[in-house]
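[1] I need the structure of the sequence given here:
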Amino acid sequence: MTNIILRRLNRFFEKFDTINLVNYFEISHGGMFLDFQVSRCSEFELLFVGQAIRKHKLLDFVELPIELSRLIHSFLRDTIQVNFKMRLPNDYPFIAPIWSVSEIRNNFLQDNTEINSYYNNIIQRHNQRNQNWTPVHEIEKDILNIVVEIHPFGDIFQQNFSFTHDSCY
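    Next up, the predicted model:
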């Protein structure tokens, strides 16, 4: 099995060595900067990092020159980064990859508890849906499924969870 796993991983990384996942999957970003990267953690484990950055609307500081307002504005952005790990079991490709959330960072909420539970629920549902996995599925398709499921970063930015946006600054 080890040779099958390594061949599939090598084929996957050959394809994505020079291509950004956002461009490859043609993911729309609705005015946000999106970045999805995959790297190898160990022989049978991949790290998947999804990051979204949303800029704020230009604030008009009446007493300041527009150039200074633009400079201040360049620092006003919300970011969220979600790191997932995908572990390939020994029986892969006959058993589905197992996903887990490894880290979540943001700069707009003081408490990550609700965001953590949001993404953990997504991963749990994804792993449950993968019970119907077949060897025909490729890693690429599983990553696309995860990207589609976690992509609504805009929803996270819009929801206040238990804090208001202004209370974090």
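[2] what residue is smack in the middle of this structure?
    Closest residue to the average C-alpha location of the chain: Gly50 at 2.3 Å, with C-alpha atoms, centre = their mean.
[3] show the average pLDDT along the strand or helix carrying it.
    Element membership for Gly50, per DSSP states H and E: strand 45-55. Averaging pLDDT along strand 45-55 gives 82.
[4] show me what it is packed against.
    Strand 45-55 sits against strand 33-42, strand 77-87, helix 139-150, helix 153-158, with contacts defined as 3 or more C-beta pairs under 8 Å, 6 or more residues apart in numbering; DSSP states H and E. In short, each C-beta sits where N, CA and C put it, glycine included.
[5] please redo it, this time with the cut-off set to 10 Å
    On a contact count with 3 or more C-beta pairs under 10 Å, 6 or more residues apart in numbering; DSSP states H and E, strand 45-55 meets helix 2-16, helix 21-24, strand 33-42, strand 77-87, strand 98-106, helix 139-150, helix 153-158.
[6] can you pull out the low-pLDDT segments for this structure?
    Along the chain, segments meeting pLDDT under 70 span 1-2, 16-19, 28-31, 57-60, 151-169.
[7] repeat that with 90
    Scanning the chain for pLDDT under 90 picks out the ranges 1-82, 88-95, 103-119, 122, 129-169.
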